[in-house]
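Engineer: no sequence on hand, only this structure:
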């Protein structure tokens with residue numbers, strides 16, 4: 001049976017293990033674990049057709065293959081380099097089937113995926129440079145009746161709870177209308193649930209991943225930018241830039257003469273599993 005956790009209940013707080021110093025990747029791993037748990041507990045089709053709209057590393061598709069034998073997969077990215085890396089990673093395991101990999105932007109996905117054809121759609125960190133309403137409608141269009149959609153997104157709460165000893169710097173970077181327009185993030189976890197429900201979806205499971213992390217050095221900044229799921233939405237360009245450019249950015253921060261640290265960042269990531277009626 002499908003476990004129904006309605007939006008009236010308090011969001012589940014996923015357990016946190018104490019991270020090792022500068023290990024900001026644990027947040028991304030926790031997000032992955034939470035979303036895969038939701039899917040494997042509720043995706044009961046014998047051979048589900050799964051579409052990942054933003055495949056990144058391919059870790060979700062790999063996990064679904066390993067746990068529930070979901071081998072009918074499509075992985076989509078607007079970056080061909082990302083698709084090549086996913087293909088190479090999957091080829092290293094003889095036990096995994098290579099998904100059908102498609103290079104397409106969100107606007108072109110309907111050209112490659114038939115309407116109402118997917119038992120499961122994965123829409124993780126899709127709201128950067130895309131309207132939230134557009135992405136939810138896209139998922140609705142390609143998901144079959146009684147199909148599942150996994151939504152994951154940062155929220156604006158993370159932006160407004162970022163603090164450091166140079167508050168004007170934070171305001172200049174994050175509070176500008178241009179920045180917020182490019183990243184159409186939900187205000188908070190509750191509003192994300194409301195957005196999904198307003199399109200007619202039923203909330204099957206949901207949790208909010210919230211944690212304050214503290215950056216105490218420039219090396220912490222570099223590690224956080226490279227490894228944290230926080231940047232997948234809020235600073236999407238860093239997810240695709242070369243390490244050399246990222247290193248240049250973090251070196252430029254050193255030009256600030258004031259004492260920048262500590263920087264306190266509130267992680268607020270909304271993880272939702274919804275069902276199309």
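Structural biologist: Good, I have the coordinates. Just so we're clear, the structure is a prediction, and the values are computed from it rather than from any experiment.
Engineer: which element is residue 137 on?
Structural biologist: helix 132-142 (DSSP states H and E).
Engineer: oh, I was asking about residue 273
Structural biologist: strand 263-275.
Engineer: which parts of that strand are buried?
Structural biologist: Buried residues in strand 263-275, counted by 16 or more other CB atoms under 10 Å: 263, 265-275. The C-beta positions use only the backbone N, C-alpha and C, and glycine is treated the same way.
Engineer: picking that back up, any idea which helix or strand comes after the helix holding residue 137?
Structural biologist: Assignment by DSSP H and E places the next element after helix 132-142 at strand 143-154.
Engineer: so what does that following strand touch, helix or strand wise?
Structural biologist: Secondary-structure packing of strand 143-154 (3 or more CB pairs under 8 Å, 6 or more residues apart in numbering; DSSP states H and E): helix 25-42, strand 118-124, helix 132-142, helix 189-198, helix 230-234, strand 263-275.
Engineer: need the ones you listed in TSV with mean pLDDT, can you?
Structural biologist: Converted to TSV, the helices and strands packed on strand 143-154 look like this (pLDDT from 0 to 100):
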stretch	mean pLDDT
helix 25-42	94
strand 118-124	98
helix 132-142	98
helix 189-198	98
helix 230-234	58
strand 263-275	92
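Engineer: the ones you listed: which one's closest to residue 218?
Structural biologist: strand 263-275 (10.4 Å; CB to CB).
Engineer: gap between the closest one and the chain center?
Structural biologist: How far strand 263-275 lies from its chain's middle: 9 Å, per CA atoms, centre = their mean, to the nearest Å.
Engineer: what's it packed up against?
Structural biologist: On a contact count with 3+ CB pairs under 8 Å, 6+ apart, strand 263-275 meets helix 25-42, strand 143-154, helix 156-160, helix 189-198, strand 202-215, helix 230-234.
Engineer: as CSV, those with mean neighbour count and distance to residue 108 would be great.
Structural biologist: Shown next, in CSV, are these (neighbours: other CB atoms under 10 Å; distance: least, CB to CB, whole Å):
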stretch, mean neighbour count, distance to residue 108
helix 25-42, 19, 25
strand 143-154, 23, 18
helix 156-160, 19, 28
helix 189-198, 19, 23
strand 202-215, 20, 28
helix 230-234, 23, 21
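Engineer: JSON lines for the ones you listed, including distance to residue 86?
Structural biologist: What follows is the helices and strands packed on strand 263-275, written out as JSON lines (distance: least, CB to CB, whole Å):
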{"stretch": "helix 25-42", "distance to residue 86": "15"}
{"stretch": "strand 143-154", "distance to residue 86": "18"}
{"stretch": "helix 156-160", "distance to residue 86": "27"}
{"stretch": "helix 189-198", "distance to residue 86": "27"}
{"stretch": "strand 202-215", "distance to residue 86": "24"}
{"stretch": "helix 230-234", "distance to residue 86": "16"}
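Engineer: okay, now the unreliable bits of this structure?
Structural biologist: Low-confidence segments of the chain (pLDDT under 70): 1-22, 164-182, 228-259.
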